[in-house]
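Undergrad: The sequence and its predicted three-dimensional model are supplied below.
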Amino acid sequence: MSLTTDKNHPGVNKPKGEGEQNEAYLILSEEERAKGFIRPVRTDYVHVGKNIKKHWKSIHRILTKEEQEEHKDKKYVAIMTVLTKEDGSFLGGAYVTQEELSAWENGAYLDGCGTRTTMDREIAETYARNPLYYGATWCMGCRKHIDVGEFVWDGTNEIVGS
């Protein structure tokens, strides 16, 4: 893996192979990073998973026993509101399992592997200078790039890229 400031570098966003990191990662120039940081420089982050509260607005309704029986293969227990009309009334939703419903009710994260990943100092400084620079980051546990919103900086509750 190499680091580059060249947006046209052929290895940027090109994985070395299946389940491998990219050949090259784009970073801010040394001069740009030297201007100072708006966030602390942190090199370690943890994959906590999706923040369920961000996906669903409210519980539209709990499924009846009969409906739960119809969907027993999927284990659905409720319908969550995803879309609303301008007046706030229900427009669309998603079926959820008890695990998903409980995560939403408790403000918990879901589907994170819990692995801590360490990044190169130059990438960490790029995050610290411009937290919105990257949209995804590498997870050593999942062996793939995942949306930064599924990670927190190690030892904090602060979402990576925020």
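TA: Everything's here; your move. Numbering: from 1, shown residues only.

Undergrad: which parts of the lowest-mean-pLDDT helix or strand in the chain are buried?
TA: Using mean pLDDT, DSSP states H and E, helix 52-55 stands out as the lowest-scoring helix or strand of the chain, at a mean of 78. Buried positions in helix 52-55, judged by neighbour count with 16 or more other CB atoms under 10 Å: Ile52. In short, each C-beta sits where N, CA and C put it, glycine included.

Undergrad: so where do the helices sit in the chain?
TA: For the chain, helices defined by DSSP state H occupy the ranges 30-33, 52-55, 65-70, 98-106, 121-129.

Undergrad: contacting residues around the last one?
TA: Looking back up the chat, that one is helix 121-129. If you take CB atoms under 8 Å, 6 or more residues apart in numbering as the criterion, helix 121-129 is touched by 3, 25, 27-28, 32-33, 35-43, 133-134, 160-161.

Undergrad: same thing but at 6 Å, please
TA: Here helix 121-129 makes contact (CB atoms under 6 Å, 6 or more residues apart in numbering) with Leu3, Ile27, Leu28, Arg33, Phe37, Arg39, Val41, Thr43, Tyr133.

Undergrad: Over to stretch 31-47?
TA: With CB under 6 Å, 6+ apart as the test, stretch 31-47 has contacts from 112-113, 115-119, 124-125, 128-129, 131, 139, 151-154, 160.

Undergrad: can I assume Gly112 is in contact with Lys50?
TA: No: between Gly112 and Lys50 there is no contact, the gap being 7.7 Å when judged by CB atoms under 6 Å.

Undergrad: before we move on, back to that, which one, of the helices of the chain, ends up nearest to Lys14?
TA: Nearest to Lys14 among these is helix 121-129; the distance by CB to CB comes to 16.6 Å.

Undergrad: Can you tell me the closest non-neighbouring residue to Ser29?
TA: Residue nearest to Ser29 in three dimensions, not counting chain neighbours: Thr5, with 4.8 Å by CB to CB, 6 or more residues apart in numbering.
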